[in-house]
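need a 3D model of the following:
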Amino acid sequence: MSSPIEIDGDIRLEGEAAPACHPRNTLFRRRLAWLFTEAANEPFAALVQRFIFAAYFANVFVGNEETGAGLWAAGLSVVGVLTFLCAPLIGAFVDATGLRKTSLVWLSVVGAGASCLLWFAEPGMPVLPFLAIFVVSALCVELTIVITNAALSSLGTDREIGFLSGLCFAVGQLVSIFSLLMVFALARADSGDIGYTSDRLAPVVAGGALVLFLLPYLLIARNTSRSRSTGTSVSRTFETLMLTAKEAVRNRSILGVLLCRSIAGDGLSLLFALASVLAGVALGWRAGELAVFGIIVTVAACVGGLLGGVLDRSFGSLRVIRFGLALVGIATVGIIGASPDRAFFVPVPRGEIAFGYSAAELGFLLAGIIAALGAGPCFGGMRALLARLVPEGREAAYFGIFSLAGRATAFLGPMSYGAALLVLGDQQLALFVVLPFLAAGYGALWLVKHEQRAH
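Numbers count the residues shown, from 1 in each chain. Below you'll find the predicted structure:
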């Protein structure tokens, strides 16, 4: 059984090789390839999990909105549980065996293939097999994120990786917009003779994007030379996982990042999950207005990622994350305080003001934009901060735990909102529960005593 030893200030397992050095002339290509890794998974999230195929599955494929929504929610729950269980394991496995490229190849092929199989989900076909196919594809996408995030630490100095993280987030949002516009264009061109062609094509586009945008990184990624026997691989995987988990709890700075990801992430997820719903409740927006709202907010998220990356170079990730959380808090107040004659709780006149929107609608749109501008600094900043703190050679294991942290308390947001809704009886006012989550995540950052690994 191997034991942890200290090498140049970093704890590694005995016999574990130091990370490979890369020639300076390849650094630009490695960075460029990595910047497209988030673009590989964002189209799947947008086209399959959130918008196009999710609505098609519930309303058309199943044929009963209530039953379909329930089955889709169950599928998402299974994805969450499996990601919770598998993300730390895949991270530890990659670090223990060195099979980063091999793991990514298999995950991307299986994930893209399963996503493309959803094309055959036509009304009348058995539902559960296709729900299982969706679960497989979504899980593979989630696990690729763990492995690609782990590469960030090796792409530059502490000052540079914050900018790279924000830029990667922005590229992912930009590609998400283009994928949505592509499917919207196909929907407009769909004569209806084939039957929901664009809806069923959405997961095919998502599967293609997964392979297309991961391919540059796969072409330059390398496995590292480590023992590959089955027994040794399993043993080292669990050794790496246990060592990483114990160290994460002992290291206050890393623990602070993980708590922020878990708690503040719950608040952010809840806000973005309900924003469009509450736009319909408060302002009566329907599909057309919500589609425009979604595109505008996604563009703002792209800008927020760039803004967070730029600010990170000058102010560091801690301040950037706090800035992002503050913006999201302001936006939450704006969404709660929206109505046909109010914007941010301030009374406004009814009637069109600009671009076909009333003052109240412009206020809600502004709140959505502010929330999206804050999301980029939050998510990009947390990824960059963890990348600076983790010891070399176990980046994937730590990002597996980072993914686990994002799932560990995911039930708390919806549960808190449901309880507040029962007490208050108002869908908008109940959203106030987002604010304590953001505040607790902000407070967790006080555990972070430094922004780079201790030597």
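
how far away is residue 314 from residue 424?
Applying Cβ to Cβ, to the nearest Å, the value for residue 314 to residue 424 is 42 Å. In short, each C-beta sits where N, CA and C put it, glycine included.

please say which of those two ends up with more neighbours.
In this view residue 314 and residue 424 are compared by other Cβ atoms under 10 Å, and residue 424 has more residues nearby, 14 against 11.

list the contacts of residue 44.
111, 115, 137, 138, 141, 203, 206, 207, 209, 210 (Cβ atoms under 8 Å, 6 or more residues apart in numbering).

which SS state does the last one fall under?
Taking DSSP: H, G, I helix; E, B strand; the rest coil as the rule, one finds residue 210 in the helix state.

now do the same contact list for it.
Residue 210 makes contact with 40, 41, 43, 44, 108, 111, 112, 115, 141, 144 under the criterion Cβ under 8 Å, 6+ apart.

now the fourth one: which helix or strand?
In this structure, residue 44 is located in helix 37-44 according to DSSP states H and E.

and the helix or strand harbouring residue 397, what's its mean pLDDT?
In the assignment (DSSP H and E), residue 397 maps to helix 395-408. Averaging pLDDT along helix 395-408 yields 90.

name the residues that touch that helix?
Against helix 395-408 from outside (Cβ under 8 Å, 6+ apart): 80-81, 83-84, 87-92, 94-95, 100, 142, 145-147, 149-154, 240-241, 244-245, 248, 254, 257-259, 261-262, 265, 382-383, 386-387, 390.

count of neighbours near residue 339?
16.

that one contacts residue 358, doesn't it?
No. Applying Cβ atoms under 8 Å, one finds residue 339 not in contact with residue 358, separated by 10.8 Å.

thinking again about what came up before, so which of the contacts of residue 44 comes closest to residue 64?
Of all the contacts of residue 44, residue 203 has the smallest distance to residue 64: 21.0 Å, by Cβ to Cβ.

is that closest one in a helix, a strand, or coil?
With three-state DSSP as the basis, residue 203 sits in helix.

tell me where the stretch 201-350 of the chain has strands.
For the stretch 201-350 of the chain, the strands defined by DSSP state E, counting those that start in this stretch cover 342-343, 346-347.

which of these sits closest to residue 413?
That would be strand 342-343 among the strands of the stretch 201-350 of the chain, by Cβ to Cβ, at 25.1 Å.

return the distance of the closest one from the chain's centre.
31 Å (Cα atoms, centre = their mean, to the nearest Å).

next one: residue 31 from residue 325, what distance?
For residue 31 relative to residue 325 (Cβ to Cβ), the value is 27 Å.

who's more crowded, the two?
residue 325 (25 against 18).

now do the same contact list for that one.
Applying Cβ under 8 Å, 6+ apart to residue 325 gives the contacts 264, 374, 378, 438, 441, 442.

which strand or helix spans the second one?
Looking back up the chat, that one is residue 374. Using DSSP H and E, residue 374 falls in helix 359-389.

next, the angle helix 37-44 makes with that helix.
Put simply, helix 359-389 runs at 140 degrees to helix 37-44, going by axes from the mean of the first three to the mean of the last three Cα atoms, to 10 degrees.

and helix 359-389, what other elements does it pack with?
Identification of packing neighbours for helix 359-389 by 3 or more Cβ pairs under 8 Å, 6 or more residues apart in numbering; DSSP states H and E yields helix 158-189, helix 252-283, helix 287-315, helix 317-336, strand 342-343, strand 352-354, helix 395-408.
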